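Peer 1: below are the sequence and a predicted model; questions follow.
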Amino acid sequence: MRPATTLELLATPAEVSGVRRALRAYGADVQLCASELVTNVVQHLGEGVPVTVRVWCDDGGRTRLEVTDPDPRALPVPRAWVGADEESGRGLALLEALAVRWGVAHGPGRVKTVWCELEAGPGGGAVPVVSVGGPGRTATAGRDPR
């Protein structure tokens, strides 16, 4: 496994573009999935919620993205249908279309991690660890329930 990229931040609309920039080396699909998952935190939990974004490429050719937030009860649910005039509601449909698989894991300390796996992006994902945000925030890796 190659080094992971870890971003620790407070979820705000402005931070979403920073997440995309920080994950540029992983490719557009990873950037899109990460920005959709962080946006979901902003929309469903509110601004300023502490979030950890973690990405790495395994030796099997897949990229794993995890977004951890402190509310284990707010689970992502794909919408069955979104009208053409609606401005939101397509994020999880995009995630389902791009990811090989995805899910939710509950970790210690009453946190939840939404994760997805994608085919590896350009450059194999050899990206150094990056920390963004305030001190005292740690990543809680989710466990694949399968």
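Peer 2: Everything's here; your move. Here the structure is a predicted model, which is why all the values come from computation and not from measurement. Numbering: from 1, shown residues only.

Peer 1: the helices in the protein, which residues?
Peer 2: Along the chain, the segments classed as helices by DSSP state H run 13-22, 28-45, 91-98.

Peer 1: where does the chain dip in pLDDT?
Peer 2: Low-confidence segments of the chain (pLDDT under 70): 1-2, 77-91, 120-146.

Peer 1: show me the strands in it, by range?
Peer 2: Ranges of strands within the chain are 5-11, 49-57, 62-69, 101-107, 111-119, based on DSSP state E.

Peer 1: mind putting these in TSV, distance to residue 30 and mean neighbour count included?
Peer 2: Quick note: C-beta positions are derived from backbone N, CA and C, even for glycine. Putting these into TSV (distance: least, CB to CB, whole Å; neighbours: other CB atoms under 10 Å) gives the following:
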stretch	distance to residue 30	mean neighbour count
strand 5-11	10	22
strand 49-57	6	23
strand 62-69	6	24
strand 101-107	12	16
strand 111-119	6	21
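
Peer 1: now distance to residue 93 too, for these, in TSV please.
Peer 2: Output for the strands of the chain, formatted as TSV (distance: least, CB to CB, whole Å):
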stretch	distance to residue 93
strand 5-11	21
strand 49-57	20
strand 62-69	16
strand 101-107	12
strand 111-119	13
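
Peer 1: any idea which of the ones you listed gets closest to residue 21?
Peer 2: Comparing these by their distance to residue 21 (CB to CB), the top pick is strand 5-11, with 10.3 Å.

Peer 1: and the end-to-end length of stretch 16-27?
Peer 2: End-to-end distance of stretch 16-27 (CA to CA, to the nearest Å): 15 Å.

Peer 1: for it, which positions count as buried?
Peer 2: Within stretch 16-27, the residues that qualify as buried are 16, 18-20, 22-23, 25-27, counting by 16 or more other CB atoms under 10 Å.
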